[in-house]
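1. compute the structure for the input listed below.
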Amino acid sequence: MLRAAKREQLATEGWQSMPMSSWTVRSVPSGLRRGAILSLAPLSLLLLPALRTEWVDATRAMPKTVHPAHCNHTAFRVVIDVGHTREAPGALSARGVPEYDFNLRLAKQIEEKLIEAGFVSTNLLITDGPAKIGLTERVARANALSADLFISIHHDSVPQFLKEEWEYEGKKNSYCDRFKGYSIFVSHENRKRAASYAFATLLGSALKAKSLNYTRHYSQAFMGRWRRDLIDAEVGVYRYDALIVLRTTQMPAVLLEAGSIINRDEELLLASTDHRLLIATSVASAVDTFCSSRPDNSSNPRVSGFGIGKKQRHLRTRPKHER
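-> The predicted model follows:
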């Protein structure tokens, strides 16, 4: 009876179900071992059909399909960082418009598309004050929010040695029509760098799907100290470790240069509502895919909006001396 019970346990549950105490190892002369093996052969023929039947039944009981992960849109928190500040507005466009104005308009369009897609915990981060203080303030605020994703919105220019002069509406301005296109930056020093790379690739793929191309000049030797490592040549992802907003944020983080405002033709394109909508739709699509693909896409328990209601979703930080 005991042996029959062991055979039944083996056939139904497998070797791992048997306790170690039931495994006995003895030293047997080789002649006897051969005889034992031959005598066990008929028994194995009897056991194999039963084992096969159990394996087939177990296989049939397994789910036929693996259901894809679903994104918890309501809980997933995205911080859209408006690059630069009103006081330190970044680059000037070919027609003399501050980069900050472009950043703010596009960031608001992205926020709108994300909320429309169900990401109601999205926060638009607007920073005031000098550049250096603004950088540390925005990182501290994003980290305090325990965001799931940080996206910094910028528009590109070129180093001074690449610029030429032209006159627009009676004023001299700088331009460079040699380069155009978006670029995406990540930092290898971000504590969630693998997730940062993953989202950057998704974002680049979404932009590429909209027939948008990235600029390759950052990978060229003539850029000197502005040269960056191109880590995804398919969709335009560059490595830029030193950027504070990418390096010190505690969540996956990317910086998007949406295009070159120093290029006269692309500046007009970037100023158009249709093009902003194209980029915003791409960002929302990438965020949705990224949220769905996370191993744990249910956000950590926390107070919704960090004490910020829907009417207070636009976060504005000020220098400490102004508080």
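2. check whether Leu135 really touches Leu246, as I assumed.
-> No. Counting by Cβ atoms under 8 Å, Leu135 does not reach Leu246; the two are 10.8 Å apart. C-betas here are computed from N, CA, C, even on glycine.
3. of the two, which one has the most company?
-> Leu246 (25 against 19; other Cβ atoms under 10 Å).
4. for the closest residue in space to that one that isn't next to it in sequence, give its distance to Ala147.
-> Nearest in space to Leu246, with sequence neighbours left out and distances taken as Cβ to Cβ, 6 or more residues apart in numbering, is Ser187 at 3.7 Å. Distance from Ser187 to Ala147, counting by Cβ to Cβ, to the nearest Å: 16 Å.
5. what about the two, which has more around it?
-> Per other Cβ under 10 Å, whichever of Ser187 and Ala147 has more neighbours is Ala147, with 27 against 22.
6. wait, Cys214 touches Phe179, no?
-> Careful, residue 214 is Tyr and not Cys. No. Between Tyr214 and Phe179 there is no contact under Cβ under 8 Å: 10.4 Å.
7. neighbour count: these two, which is higher?
-> Applying other Cβ under 10 Å to Tyr214 and Phe179 shows that Tyr214 carries more neighbours, namely 23 against 19.
8. and the closest residue to that one other than its chain neighbours, what does it touch?
-> Excluding the flanking residues, the one nearest Tyr214 by Cβ to Cβ, 6+ apart is Gly236, at 2.5 Å. With contact set as Cβ atoms under 8 Å, 6 or more residues apart in numbering, Gly236 has these partners: Gly181, Tyr182, Ser183, Ile184, Gly204, Leu207, Lys208, Asn213, Tyr214, Thr215, Arg216, Leu230.
9. next one: Arg193
-> With Cβ under 8 Å, 6+ apart, Arg193 has these contacts: Val186, Ser187.
10. helices or strands up against the strand or helix carrying Ala284?
-> Per DSSP states H and E, Ala284 falls inside helix 273-293. Packed against helix 273-293 by the contact rule (3 or more Cβ pairs under 8 Å, 6 or more residues apart in numbering; DSSP states H and E) you find helix 99-116, strand 149-156, helix 193-209.
11. return a ChimeraX selection command for the buried portion of the contacts of Gly236.
-> Listed next is the ChimeraX selection for buried residues among the contacts of Gly236, using 16 or more other Cβ atoms under 10 Å:
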select :181,182,183,184,204,207,208,214,215,230
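12. out of the contacts of Gly236, what pair is the most spread apart?
-> The most widely separated members of those, counting by Cβ to Cβ, are Leu207 and Leu230 (15.5 Å).
13. just name the shakiest helix or strand of this protein by mean pLDDT.
-> One helix or strand of the chain scores below all others by mean pLDDT, DSSP states H and E: helix 30-61, with a mean of 43.
14. check contacts around the residue nearest to Ile110 when sequence neighbours are not counted.
-> Using Cβ to Cβ, 6+ apart and skipping the chain neighbours, the partner closest in space to Ile110 is Ala280 (4.5 Å). By Cβ under 8 Å, 6+ apart, the residues touching Ala280 are Leu106, Gln109, Ile110, Glu112, Lys113.
15. pLDDT at Gln312, what is it?
-> Gln312 carries a pLDDT score of 42 in this model.
16. what's the answer for Met18, then?
-> Looking at Met18, the pLDDT reads 39.
17. and the residue nearest to Leu92 when sequence neighbours are not counted, what does it touch?
-> Leaving aside its sequence neighbours, Leu92 sits nearest to Pro98 (Cβ to Cβ, 6+ apart; 6.3 Å). Taking Cβ under 8 Å, 6+ apart, we find Pro98 in contact with His84, Pro89, Gly90, Ala91, Leu92.
18. any of these buried? List them.
-> His84, Pro89, Gly90, Ala91.
19. any chance of those residues in TSV, plus distance to Ile262?
-> Listed next are those as TSV, based on distance: Cβ to Cβ, whole Å:
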residue	distance to Ile262
His84	15
Pro89	14
Gly90	11
Ala91	7
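20. where are the low-confidence patches of this protein?
-> The model of the chain has pLDDT under 70 over residues 1-69, 295-323.
21. many thanks, I have nothing further to ask.
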